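Undergrad: only geometry, no sequence info:
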């Protein structure tokens, strides 16, 4: 009789798993330190990038501000100048006084030395002065006229087309001496001890007109 082969059951082998490696406290601390250092390095890199980006942004903004300032200076504008129209200065009110009739401006130069006197009379075709306030001419006498340097305060004046009309020397002097004195210049008269007083008068009707 044929013999049956015995089926042998292969013993199931249990799969052996490697035992978990024990981690010591020292190794855990070392590993945690490495992770902390790695994380710190990553954070440091991110912070450095952020700072670098902020610096670049600030530099860029500063350069733009400098360019705008330079552009404003080249254009003749002050940087950060307030917008709007410039304030217009208040107009100054002024009044011009002049004689109405031609040849009514008289200039008299009076040279004095002791009791002696020499007068030079010069007549101008016209002239004017400019004052800050409208003058009160209620008591003005046209025949007598007015000494403009004594009665008014002004910064501007002008006399036109003057011509000498007369020269008067004291009669107490001999004719030759009178002729010699009339031939002297102002500087020469001053050198001989003569002093000068000058009067400029407007006579006749006056014209007052606003010019400012």
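TA: Nice, thanks for sending it over. Since the model is a prediction, treat every value here as computed from it, not as a measurement.

Undergrad: where are the low-confidence patches of this structure?
TA: Along the chain, the parts satisfying pLDDT under 70 run over 1-91.

Undergrad: strands of that one, start to end?
TA: 95-99, 105-113, 116-131, 146-147, 156-169, 195-202, 206-210 (DSSP state E).

Undergrad: domains of the protein?
TA: 25-78, 95-210 (automatic domain parsing).

Undergrad: ok so, going back, what's the most buried one of the strands of the chain?
TA: strand 95-99 (a mean of 20; mean count of other Cβ atoms under 10 Å). C-beta: built from backbone N, CA, C; applies to glycine.

Undergrad: give the pairing partners of that one; include direction for each.
TA: strand 116-131 (antiparallel), strand 206-210 (antiparallel) (DSSP bridges).

Undergrad: leaving out sequence neighbours, find the closest residue to residue 117.
TA: residue 170 (5.6 Å; Cβ to Cβ, 6 or more residues apart in numbering).

Undergrad: contacting residues for that neighbour?
TA: Residue 170 makes contact with 115-118, 178 under the criterion Cβ atoms under 8 Å, 6 or more residues apart in numbering.

Undergrad: closest to residue 103 out of these?
TA: When the contacts of residue 170 are ranked by distance to residue 103 (Cβ to Cβ), residue 118 comes first, at 23.1 Å.

Undergrad: bridging residues for that closest one?
TA: residue 111, residue 169.

Undergrad: what do you get for residue 206?
TA: Beta-bridge pairing of residue 206 under DSSP bridges involves residue 99.

Undergrad: one more: residue 196?
TA: According to DSSP bridges, beta-bridge pairing links residue 196 with residue 111.

Undergrad: quick one, what contacts it?
TA: 109-111, 186, 189-190.

Undergrad: for those, work out which two are farthest apart.
TA: Farthest-apart pair in the contacts of residue 196 is 110 and 190; separation 13.6 Å (Cβ to Cβ).

Undergrad: ok, and the closest non-adjacent residue to residue 112?
TA: Closest residue to residue 112 apart from its sequence neighbours, by Cβ to Cβ, 6+ apart: residue 195 at 5.5 Å.

Undergrad: so residue 127 makes contact with residue 156?
TA: No - the criterion here is Cβ atoms under 8 Å, and residue 127 misses it with residue 156 at 11.3 Å.

Undergrad: list the contacts of stretch 151-158.
TA: 97, 127-132, 135, 146, 148.

Undergrad: same deal with stretch 107-114?
TA: Against stretch 107-114 from outside (Cβ under 8 Å, 6+ apart): 117-124, 159, 162, 189, 192-201.

Undergrad: let's see that with 7 Å instead.
TA: Stretch 107-114 has contacts (Cβ atoms under 7 Å, 6 or more residues apart in numbering) with 117-122, 124, 162, 189, 193-200.

Undergrad: same thing with stretch 120-131?
TA: 94-99, 102-103, 105-109, 148, 152-154, 156-167, 211.

Undergrad: isn't residue 200 right next to residue 146, touching?
TA: No - Residue 200 is not in contact with residue 146 according to Cβ atoms under 7 Å; the separation is 9.7 Å.

Undergrad: if we can go back for a sec, would you turn the strands of the chain into TSV with distance to residue 139?
TA: Output for the strands of the chain, formatted as TSV (distance: least, Cβ to Cβ, whole Å):
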stretch	distance to residue 139
strand 95-99	15
strand 105-113	20
strand 116-131	17
strand 146-147	10
strand 156-169	22
strand 195-202	15
strand 206-210	13
